[in-house]
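Asker: Everything below, folded, please.
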Amino acid sequence: MRLNKKASLEMSIQAIVVIVIALTVLGLGLGFVKGTFKDISETSKGVQAKIKEQILEDLRVSGKKVSITSQVNLERGKEALENIGIVNTGLTEKTFGVKIEFIKKQNPDGTEDQSLEAGNEIIFFYNNLVEKRLSPTVGDVIPITLSAKSSAAGNYLYKADVLAESTPGACASGTVGAGCELYDTRSFFVKVG
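Answerer: Numbers count the residues shown, from 1 in each chain. A predicted model of the protein is given here:
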């Protein structure tokens, strides 16, 4: 009887040691993963800040009002982050926003498609409100996430209209009119392959 109690006690001690070691390893592993994701997050923020600086510097040097990548390459079912740079070249404070419109698609076989369904194969996720307030000579970027559906393939042509609002609420409908001017327009391609 005594031998069984001793064996039982040894097994209990071994089980406790194994549990303590397992929890320690788990804690170290979680700490490593958390640190890695924190580093990736900080790197991503740093890259975005540098891209923003480069876009704004390009606008200052070139004298352009709007800067946008002329071609975005996407894989089917994937997404990408792009930035539209805007600088207020006017003499008064204005509020800016972006409106993106589909123009046409070139299929992989070379044929053109201007149907609305073709334009819906690329999804744009951005704040389409006109609310980016900029003082004269100040610039900023509007981030846009693009994603391609798994059915997308070919070259897609879009235009980005940058609207400038001098009267609050004038660009709410997204159309040019009194107090809402078309500040600049840029075309760009989304190539999905």
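Asker: Show me where this protein has its strands.
Answerer: Assigned by DSSP state E, the strands in the chain fall at 66-67, 71-74, 79-87, 94-106, 112-113, 122-125, 132-134, 139-148, 154-165, 180-192.
Asker: Of those, which is nearest residue 55?
Answerer: Closest of the strands of the chain to residue 55 is strand 79-87, at 3.7 Å (criterion: C-beta to C-beta). In this view, the C-beta of every residue, glycine as well, is placed from N, C-alpha and C.
Asker: Could you break this protein into its assigned domains?
Answerer: 1-63, 64-192 (automatic domain parsing).
Asker: Turn the ones you listed into a markdown table, columns for mean pLDDT and mean neighbour count.
Answerer: A markdown table is the format used below for those (pLDDT from 0 to 100; neighbours: other C-beta atoms under 10 Å):
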| stretch | mean pLDDT | mean neighbour count |
| --- | --- | --- |
| domain 1-63 | 75 | 11 |
| domain 64-192 | 91 | 16 |
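Asker: circling back: and of the strands of the chain, who's closest to residue 18?
Answerer: Closest approach to residue 18 among those is made by strand 79-87 (43.9 Å; C-beta to C-beta).
Asker: Pairing partners for the closest one, with directions?
Answerer: Strands adjacent to strand 79-87 in the sheet, as given by DSSP bridges, are strand 66-67 (antiparallel), strand 139-148 (antiparallel).
Asker: Take the ones you listed and lay them out in a markdown table including distance to residue 191.
Answerer: Shown next, in a markdown table, are the strands paired with strand 79-87 (distance: least, C-beta to C-beta, whole Å):
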| stretch | distance to residue 191 |
| --- | --- |
| strand 66-67 | 19 |
| strand 139-148 | 10 |
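Asker: In contact with the spatially closest residue to residue 59 that is not a sequence neighbour, which residues?
Answerer: In space, and not counting its chain neighbours, residue 59 is closest to residue 87: 4.5 Å by C-beta to C-beta, 6 or more residues apart in numbering. Residues in contact with residue 87 (C-beta atoms under 8 Å, 6 or more residues apart in numbering) are 56, 59-60, 64-66, 134, 137-139.
Asker: All set now, cheers.
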